[in-house]
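Peer 1: below are the sequence and a predicted model; questions follow.
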Amino acid sequence: MRRFFCAALMGALGMGVSGQALAEDTEAPADPARYLIMEPNAQVIFITTGGAELRADWTAAATENLWSHMDDQVGTAGYDTVLFDTEAEQDDALEQLLLLYELVAISADSVMPHKGGFRANQEITLGQTASLLAEAYDVDRAIFVDHYSQIESGGVFLTQVMIGTATGYTPPSQNIRATTGTVIDLESGDILERNSVVMGDPRDLNESAGIISRILRDLPLE
């Protein structure tokens, strides 16, 4: 999964924004698509002098904030939304579909020089199995949100300062913030749009709202 988030970060830095901007005053079409808002796949890593630790409490806060804000902002734009039910029992077919999404997301951000470079591989698809979600939730499309953070401790920062003072070389920061939103057509399983942003701390309510706002600004909805 870390490979996926690194690829997303590269895309946000190298590609910038893309797609047709979704203006704040844009109204939804007369017969808008219904969106399934998937539970975000978030990881918040704490980097200390002793190593890296996945912080479950920070990850849970980031997940809840991103999920809530995506649902709220897509709904405010005039679209019907349904939240993915994390409590419902998942059969093998659905579990395989969610695992397939992870692989598709990784591949979509792969650099493919022979196809045109970064994100030239977005024609890959979840296939007809995506209809499982459409049928279960009576929706047309799904929005996936993936987030990865690395947060340095104060001890790591001081260590970097001391190394810089002693050697003249300051190690690069290990702080990373990357969030990607992906719209999937649940009839075909195709990626309709994908947008990555950097910076922002989803553990904070205001910053989480800002992250989702920036994603949706260049993630056209229909």
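Peer 2: That came through fine. Quantities reported herein were computed from a predicted structural model and do not represent experimental measurements.

Peer 1: contacts and neighbour counts: CA atoms only from here.
Peer 2: Will do.

Peer 1: report the buried residues of the host helix or strand of T59.
Peer 2: Using DSSP states H and E, T59 sits within helix 56-76. Residues of helix 56-76 classed as buried by neighbour count (16 or more other Cα atoms under 10 Å): 58-71, 73-75.

Peer 1: with stretch 37-53 instead?
Peer 2: Buried residues in stretch 37-53, counted by 16+ other Cα under 10 Å: I37, M38, E39, P40, N41, A42, Q43, V44, I45, F46, I47.

Peer 1: max pairwise distance over those residues: which two?
Peer 2: I37 and I47 (30.2 Å; Cα to Cα).

Peer 1: returning to that earlier point: rebuild the buried residues of stretch 37-53 as JSON lines, extending it with pLDDT and distance to T180.
Peer 2: JSON lines is the format used below for the buried residues of stretch 37-53 (pLDDT from 0 to 100; distance: Cα to Cα, whole Å):
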{"residue": "I37", "pLDDT": "98", "distance to T180": "14"}
{"residue": "M38", "pLDDT": "98", "distance to T180": "13"}
{"residue": "E39", "pLDDT": "98", "distance to T180": "13"}
{"residue": "P40", "pLDDT": "98", "distance to T180": "10"}
{"residue": "N41", "pLDDT": "96", "distance to T180": "10"}
{"residue": "A42", "pLDDT": "97", "distance to T180": "10"}
{"residue": "Q43", "pLDDT": "96", "distance to T180": "13"}
{"residue": "V44", "pLDDT": "97", "distance to T180": "14"}
{"residue": "I45", "pLDDT": "94", "distance to T180": "17"}
{"residue": "F46", "pLDDT": "93", "distance to T180": "20"}
{"residue": "I47", "pLDDT": "87", "distance to T180": "22"}
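
Peer 1: most residues in a single strand of the chain, which one?
Peer 2: Using DSSP state E to define each element, the chain has its longest strand at strand 141-152.

Peer 1: neighbouring strands - and their directions - for it?
Peer 2: Strand 141-152 sits in its sheet next to strand 35-37 (parallel), strand 41-48 (parallel), strand 176-185 (antiparallel), going by DSSP bridges.
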